[in-house]
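J.: Provided below for reference: sequence and predicted model.
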Amino acid sequence: MTRRQAFHYGAVLALIALILLTLAWELWLAPLRSGGSLLAFKAVLLLLPLMGVLRQRLYTYQWASMFILFFFAEGIMRAWADRGLSQYLACGVVMLSCLFFICVLGFAKTFKLKREVNSL
């Protein structure tokens with residue numbers, strides 16, 4: 001497995017795990033209101049980069065690296081403000097968004113390395 005494939009699989013797994021965690025958190029595990037929360041719709045936003053990430057489109061990886069920072073910021077704020085299970089779930093969101101960000105940067109860097117090698 002190449003480095004690019006490893007970063008790709010890491011990004012895909014982190015993004016899918018983040019979608020599932022967001023849905024579980026807001027619908028069943030610790031919603032703001034009993035019976036589910038409308039915040040579950042933020043998981044729909046995470047579907048926007050999914051197809052481009054699955055197809056390894058560099059442009060999608062580039063804008064998704066900035067896009068994921070919104071989820072990172074929300075996770076930090078809720079980890080600081082919430083208590084109990086919701087606080088732990090927020091920490092999970094922070095970890096998954098960091099993993100996704102690192103994998104996206106690693107994936108994009110493999111394109112730059114390839115260009116540098118080809119220019120020598």
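T.: Everything's here; your move.
J.: how close does Val12 get to Val104?
T.: 11 Å (Cβ to Cβ, to the nearest Å). No exception for glycine: its C-beta is placed from N, CA and C like everyone else's.
J.: of the two, which one has the most company?
T.: Neighbours of Val12 and Val104, each counted by other Cβ atoms under 10 Å, are more numerous for Val104; the result is 27 against 16.
J.: tell me which stretches of this structure form helices.
T.: For the chain, applying DSSP state H gives helices covering 3-24, 42-47, 50-54, 58-81, 85-119.
J.: which one, of those, ends up nearest to Pro31?
T.: Nearest to Pro31, of all the helices of the chain, is helix 85-119, at 9.0 Å by Cβ to Cβ.
J.: circling back: just name the most buried of the helices of the chain.
T.: Among those, ranked by average contacts under mean count of other Cβ atoms under 10 Å, first place goes to helix 3-24 (a mean of 18).
J.: show me how far that one is from its chain's centre.
T.: Centroid separation for helix 3-24 versus its chain: 6 Å, with Cα atoms, centre = their mean, to the nearest Å.
J.: try stretch 21-36
T.: For stretch 21-36, the distance to the chain centre is 18 Å (Cα atoms, centre = their mean).
J.: buried residues in it?
T.: For stretch 21-36, burial by neighbour count (16 or more other Cβ atoms under 10 Å) applies to 21-26, 30-31.
J.: ok, and what's touching it?
T.: 37, 39-40, 42-43, 46, 71, 82, 84-86, 89, 92-93, 96 (Cβ atoms under 8 Å, 6 or more residues apart in numbering).
J.: shaky segments in this structure?
T.: Residues of the chain meeting the criterion pLDDT under 70: 113-120.
J.: my read: His8 touches Arg55, true?
T.: No. Counting by Cβ atoms under 8 Å, His8 sits too far from Arg55 to count as a contact (10.0 Å).
J.: could you name every residue contacting both of the two?
T.: By Cβ under 8 Å, 6+ apart, His8 and Arg55 have no common neighbours.
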